[in-house]
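> any chance you could fold what I've pasted below:
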Amino acid sequence: MFRLRRYRLVLAFTFIFGLAVYHFSLLNGADSYFETEDSLKPQKDGFDHNEHVKVTTIPLPKVAPIPSPHLPPTKTTPLPMDDLLIGEDRKSEPAAGPVPNPVHTPEEIHWIKQPEHYPVPPELIIKLPTGKPTHIPKIQTKFAPESESKRKIRLQRLEEVKSALKHSWKGYKDWAWGHDELAPISRGHTQKFGGWGATLIDALDTLWIMGLKKEFEEAIEFIEKLDFTTSNVIIIPVFETTIRYLGGLIGAYDVSEKKYPILLEKAKQLADVLYGVFDTPNRMPILYYNWHPDKVANVNQAPFNSGLAEMGTLALEFTRLAQLTGNHTYFDAIQRITDDLEAIQYNTSIPGMWPTVVDASGGCIPLPGPIGLQKREEEKEEKEKEKSIGAPEPTEDTISQMKCVPSHVQASSHMSSEYTLGGASDSFYEYLIKMHVLLGGTAPQYAKLYESSMKVAKEKLFFRPMLPGEPDILLSGMITVSEYFQNEEKFIPDTEHLGCFTGGMLALGAQVLKSKTDLEVGRKLTDGCVTLYAATKTGIMPEKAALVKCEDPKSCKYEEEKWLQALIPGAGFYPEGGRGEKPATTTDNETKDDEREAGGDGDDKGKAEKEGLKGFKTEVEAPEHEHKNVHEHIHANDRVDAVLRRRQQKSREGSTKGSTEKEIEEQSETQTEKSPEKPTETLPQKPKEKPIEKQTPLERARSYAKTSRLPEGFNWIEQKGYVLRPEAIESVFIMYRITGETAWQEKGWKMFQSVVNMTKTDIAFAAIKDVTVDPKDKELVQEDSMESFWLAETLKYFYLLFSEPEVISLDEWVFNTEAHPFKREKW
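This is a model prediction of the structure:
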């Protein structure tokens, strides 16, 4: 029989335990007092560098939708937990037809402005420069009169670009309104940038420039209801938010001649939220910002592995906002970054340039208090100590008042550093010359930083590739410096689509700083990317590729055998460094084959050749991620070789498994004789392919190039896709406006036709997976992604290339890195 008193102790304990669980569930969590940004970033290496920091994911309540302006409102479902994350392409389920896609704005959780932990004292705020402006020379050329026939062609092309924008906008409006980006194949959407409608705001000034005022004002109605103090994600990517949202709002405000005050109002609201990223001991920015109120209340620290481009590409946006509002704190925030980076410019492993990653943490976290006072207090304590010789030892209370002094930005302590004008560095260098222009030359610091860094880039990064036709072009490469090899510099002839902006940047800098040499360098760099567009069957440049560097940039004869040598196992992927072996010649290879057939082992290289295609990267098992060094390529390709050899062996065996070679040949001849309708003499006979182990290295190299669809001169293509990027056409546009040469319009038009033909979908445009395929073979694969910069940048630059020169003239406007035009002040 059940007796309650026998279990009274158990029941009592259960009751107390339940109360305890309920009590602690109401708390916000035992977060540590200090919180660093690195703890908030998604960990990519499987190792938590900030285990002492606890990040709590807080579920958001149900929200009411903001309906599309052209469709009736519908009910929405609660936000999934995945929406609290950042940087993931979370796609909606394909819909049966156009539906409104509201922005999810939580009703209860909002960012709240709080007192800063490390405020800048009013007397220390760095204000916008007010010195005498430097004369900025005219940037655009004086264009010659245009014939009626050429004008007709130009206007026709202009209309086609506008049609592409309208097609893209309609797809976004119908299927992803209010969301960050459209999924152009599944007809869904993605949320990657805070969920505030990245494409809508990114495309605002493009709509205005193209004369689409109706679409522009529909977007304004959406923005009027937008609230940047709340988001459907907890962690905000500061760089992307600044260039797309803040830049988009400011650019739209400027191009619409300040007729829409709501744009500046929303820009200030967003900037106030973002300003919290500078509340660190050394005022260096957090790059992934947890805006949640209980997180903002914590002391934060900039990351020790800050990306150069991410922290250095905030300057134009906050400076222009300071100019428009008169609020100097915006300028103070970014000027401190520039000052810190200037201080270490010649303390890096390549003096004059900066590595892609720097340490912005400051090294220590002092007790909260106004910045700039720690040093004064430290000096005061030293003086007091000198006066109190013979005084008793300081108490614990006295010691606790001592504060650390955070250091400035330092070159990263990583064992290996990379220097490039491509990804992770690109827009920082771009902003140096553009800040000089935006400030009217009142801050000479920016021009000096630009000139000195470009001097190093011209000496070390730019190279002429060896290509058929021997074009006199340049590409931008990369240098790695490793402490393992006494800071030895290793040049890698990799080039990226991201780096194609360099031609336009050099040309712009040449005009502003009066350098004819740089204008020619900019021309060759721009032509370099145009050439790589034309090198593929699709007419589009891949994301990232490696080529053979010319030994003499002034005289570079194309030699097919030399190109193939760069692909041979043992000769290395790159002409400089490689794997250290002597390049094999055809004669040498035949000799080694003879030695092996006679039973000899040959030398070490002969053994390597016997293994097959070792050292090659093919389509069999090509990793999607970006390799970090050559050794990783070698390991990955060893696996590829094994797979390739097995497949070729199976192919040779085929359906004749178990038959002798002689029987197979006899059977083939018999079948041919029994087919009178197809006489033997008319049948094209394919030459038998040698087994891999019997191929010479040059034969294997040629086979590899064919199966990998490598254009001549390409060593390998690490990233074969195209995500609707703008950098190449950006430089073409700038070269046209500076030189007035219509040849740039012709080059740009070919690029536009290729891009549109390969990427168009029923509702918009999509990224493509592999630009090396032959479209005639119908192997082209589109990906379910349309980046917001397709409307913000790529189509805008195509449009401006065929517009009248006075439309967004470079003498009146400065583009941010997302192609948002900022009006230059009249000094």
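> okay, T338 and G312: tell me how far apart.
8 Å (Cβ to Cβ, to the nearest Å). The C-beta positions use only the backbone N, C-alpha and C, and glycine is treated the same way.
> which one of the two has more residues nearby?
Taking neighbours as other Cβ atoms under 10 Å, T338 and G312 compare with G312 leading, 25 against 20.
> that one and D426 touch, don't they?
No. Counting by Cβ atoms under 8 Å, G312 sits too far from D426 to count as a contact (9.9 Å).
> ok, P355 - contacts?
L308, T348, S349, A411, S412, H414, S417, E418, Y419, V481 (Cβ atoms under 8 Å, 6 or more residues apart in numbering).
> hang on, I meant V521
Counted by Cβ under 8 Å, 6+ apart, V521 has contacts K458, F462, L474, L506, A510.
> same deal with A792?
Contacts of A792 by Cβ under 8 Å, 6+ apart are D202, A203, D205, T206, R244, G248, E818, A819, H820.
> give me the phi and psi angles of it.
phi -80, psi -40 (degrees, to the nearest 10).
> okay, it and E693: tell me how far apart.
Taking Cβ to Cβ, one finds A792 at 53 Å from E693.
> with S703 instead?
With Cβ to Cβ as the criterion, S703 and E693 are 13 Å apart.
> between the two, who's got more neighbours?
Set S703 next to E693 and count neighbours by other Cβ under 10 Å: S703 wins out with 20 against 13.
> quick check: that one is in a helix.
Yes. Counting by DSSP: H, G, I helix; E, B strand; the rest coil, one finds S703 located in a helix.
> show the contacting residues for S482.
S482 touches M415, S416, S417, E488, K490, counting by Cβ under 8 Å, 6+ apart.
> which intervals of the stretch 1-150 of the chain have sub-threshold pLDDT?
Filtered on pLDDT under 70, the stretch 1-150 of the chain yields the residue ranges 1-108.
> got it, and the chain?
1-108, 373-403, 413, 569-689.
> give me the packing partners of the helix ranked longest in it, helices and strands only.
Longest helix in the chain, counting residues (DSSP state H): helix 148-175. Other elements packing on helix 148-175 under the criterion 3 or more Cβ pairs under 8 Å, 6 or more residues apart in numbering; DSSP states H and E are strand 181-183, helix 204-209, helix 213-224, helix 743-759, helix 795-801.
> let me have those in CSV, extended by distance to I286.
Conversion of those to CSV gives the following (distance: least, Cβ to Cβ, whole Å):
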stretch, distance to I286
strand 181-183, 24
helix 204-209, 27
helix 213-224, 26
helix 743-759, 36
helix 795-801, 30
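> out of the ones you listed, which is closest to S149?
Evaluated over those, closeness to S149 peaks at helix 743-759, with 13.9 Å, by Cβ to Cβ.
> who's in contact with the closest one?
154, 157, 160-161, 164, 530, 533-534, 538-540, 722, 724, 728-729, 732-733, 735-736, 765-768, 771, 775, 780, 782, 794, 798, 801-802.
> how about stretch 322-332?
Residues contacting stretch 322-332 (Cβ under 8 Å, 6+ apart): 120, 125-128, 250, 253, 264, 268, 271, 275, 318-319, 321, 825.
> 10 Å - rerun?
119-120, 122, 124-129, 250, 253-254, 258, 264, 267-268, 271-272, 274-275, 278, 283, 314-315, 317-321, 333-335, 438-439, 443, 822-825 (Cβ atoms under 10 Å, 6 or more residues apart in numbering).
> gap between the two ends of that stretch?
With Cα to Cα, to the nearest Å as the measure, stretch 322-332 spans 9 Å from end to end.
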